[in-house]
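K.L.:
sequence plus predicted model, see below.
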Amino acid sequence: MTLIKPFRALRPALGRGAEVLAPPYDVLSSAEARERAKGKPWSFLHVSKAEIDLDPAIDLHDPAVYAKASENLRRIIDAGVLVRDETPGYYVYRLTWRDRVETGFAAVASLRAYAENRIRKHELTTPVKEDDRVRQIEAVGAQTGPVMLAYPETPAIDALLARAAAGKPDIDVTADDGVRHELWPIQDEATVAELTRAADALPALYIADGHHRSAAALRVAKARAEKNGSFLAVLLPQQQMTILDYNRVLRDLNGLTPDEVLREIGRRYTIEPSDKPVRPSRPEEVGMVLGGHWLRLSLRPEIDAEAARSADPVARLPVTLLARNVIEPIFGVTDPRRDKRIEFVGGGRGLEELERLVSSGKMAVAFALHPTEMRDLMAVADAGAIMPPKSTWFEPKLADGMVSHMLD
């Protein structure tokens, strides 16, 4: 099987995109989704967050939730709001957010390539989240949330996509968060074949976002005894993708006073006060909110040099540098996946959110990190290593409901 192949997408009928497109299922709480979907009977949230149509007290993993998702998807299809293409193809998907433009394409990617590590991972999955995606796929008979894949810089693919997106898009929707989503189908056999060959020549693809969705797709394919299974994906050029900072906040100071915290940090970092929020300009730099003040932390040269010499790509990540030099030795948080004293704040919320959490007393201290870079993500995946939890926050997000892959 080739690395990718075309498919018959289930997508909004012409003129219905604005009624359908929704944020990814995992970026909204049930309460937020319920509010977003008010007065919007065709919103894809009725499929991806079907609990919004049931008693608010229901368990999110109750079988009734998955049954409702299936019922809602069928209702939207029967109304003609979602339609399935007759001809397999690829779909140029362009995201425009602020001054950033990302142009990729939707396809189905080989699960065999995923299992053989040609489609590479950098995160661990959790059984509960994986089970949830398996049940969702089985209930609705479709993969409805695309996995975001990065492909290495390839001008030939970029040129093909630019040519295919020269005309008016079938879907052009600017969402509430200001992200513009555009879609152009590619169903010309020659172009489809050319794009298939160009993608198949790639050394690897890299999962940026969607580890649970890809893992769940593999489980479903195995249960169905499918030898050539695939999963829904949107492939984006790595040089266009944007990773924001993924920051850390802690509930307490681990029994230390603020002065003691600063003294301990000073053994590893130089500390400078700042009269404004600190956005780190390099991996070795950290912004810190403590006692109502912003501080700029710069890793001391001898520690910085030691990290730079490491052959381990994980050791050089901003999140690792902070964990090994501050979070673990000073605050005693050694298992951030389970320790309730630490929380994570995506960069889309801004540095002001860190300041607010500390000034409100909800959190005792906050750390602003330099974003992980795409080249580092790819290096970790190439090494077969795993990133620490909450290392990457991709923006903009792909919309749910733009394209779905029906399981025939």
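P.N.:
Okay, I see it. Quantities reported herein were computed from a predicted structural model and do not represent experimental measurements.

K.L.:
burial of Glu116, as a residue count?
P.N.:
The criterion is other C-beta atoms under 10 Å. On that basis, Glu116 has 9 neighbouring residues. All C-beta atoms are positioned from the backbone trio N, CA, C, and that covers glycine.

K.L.:
pLDDT wise, what is it at?
P.N.:
Glu116 carries a pLDDT value of 95.

K.L.:
the one 3 residues further on now?
P.N.:
Per-residue confidence for Ile119 comes out at a pLDDT of 98.

K.L.:
what of the one 4 residues further on?
P.N.:
Glu123 carries a pLDDT score of 92 in this model.

K.L.:
count of residues packed around the residue nearest to it when sequence neighbours are not counted?
P.N.:
Counting by C-beta to C-beta, 6 or more residues apart in numbering, Glu123 lies nearest to His211, which is 4.5 Å off, once chain neighbours are set aside. By the measure other C-beta under 10 Å, the count of residues near His211 is 18.

K.L.:
ditto for Ser70
P.N.:
Ser70: 17 surrounding residues under other C-beta under 10 Å.

K.L.:
how about whichever strand or helix holds it: buried residues?
P.N.:
For Ser70, the host element (DSSP states H and E) is helix 63-78. By neighbour count on 16 or more other C-beta atoms under 10 Å, the buried set for helix 63-78 is Val65, Tyr66, Lys68, Ala69, Ser70, Asn72, Leu73, Ile76.

K.L.:
ok, now stretch 109-116?
P.N.:
Ala109, Ser110, Leu111, Arg112, Ala113, Tyr114.

K.L.:
show residues contacting the helix holding Ser70.
P.N.:
Contacts to helix 63-78, defined as C-beta atoms under 8 Å, 6 or more residues apart in numbering, come from residues 10, 20, 42, 46-48, 50-51, 53-54, 58-59, 82-84, 135-136, 138-142, 144.

K.L.:
distance from it to the middle of the chain?
P.N.:
Between the centre of helix 63-78 and the centre of its chain there are 25 Å (C-alpha atoms, centre = their mean, to the nearest Å).

K.L.:
for stretch 94-108, same thing?
P.N.:
14 Å.

K.L.:
same deal with stretch 299-319?
P.N.:
The answer for stretch 299-319 is 25 Å, by C-alpha atoms, centre = their mean.

K.L.:
how close does Thr144 sit to Val81?
P.N.:
The gap separating Thr144 from Val81 is 14 Å, by C-beta to C-beta, to the nearest Å.

K.L.:
name the residue in these two with the higher neighbour count.
P.N.:
Shown here are Thr144 and Val81; by other C-beta under 10 Å, Thr144 has more neighbours (25 against 19).

K.L.:
so of the buried residues of stretch 109-116, which ones are in strands?
P.N.:
Per DSSP state E, strands hold the following members of the buried residues of stretch 109-116: Ala109, Ser110.

K.L.:
and the furthest pair within the buried residues of stretch 109-116?
P.N.:
Checked with C-beta to C-beta, the buried residues of stretch 109-116 reach their widest spread between Ala109 and Arg112, with 9.8 Å between them.

K.L.:
low-confidence ranges in the stretch 51-200 of the chain?
P.N.:
Low-confidence segments of the stretch 51-200 of the chain, defined by pLDDT under 70: none present.

K.L.:
and the residue nearest to Pro203 when sequence neighbours are not counted, how many residues sit next to it?
P.N.:
Of all residues not flanking Pro203 in the chain, Pro152 sits nearest, at 6.9 Å (C-beta to C-beta, 6+ apart). Pro152: 15 surrounding residues under other C-beta under 10 Å.

K.L.:
wait, what's in contact with Thr392?
P.N.:
So Thr392 contacts Ala208, Asp209, Ile243, Tyr246, Pro371, Thr372, Leu377 (C-beta under 8 Å, 6+ apart).

K.L.:
in stretch 333-344, what counts as buried?
P.N.:
Val333, Pro336, Arg341, Ile342, Glu343.

K.L.:
average pLDDT across that stretch?
P.N.:
Mean pLDDT, stretch 333-344: 93.
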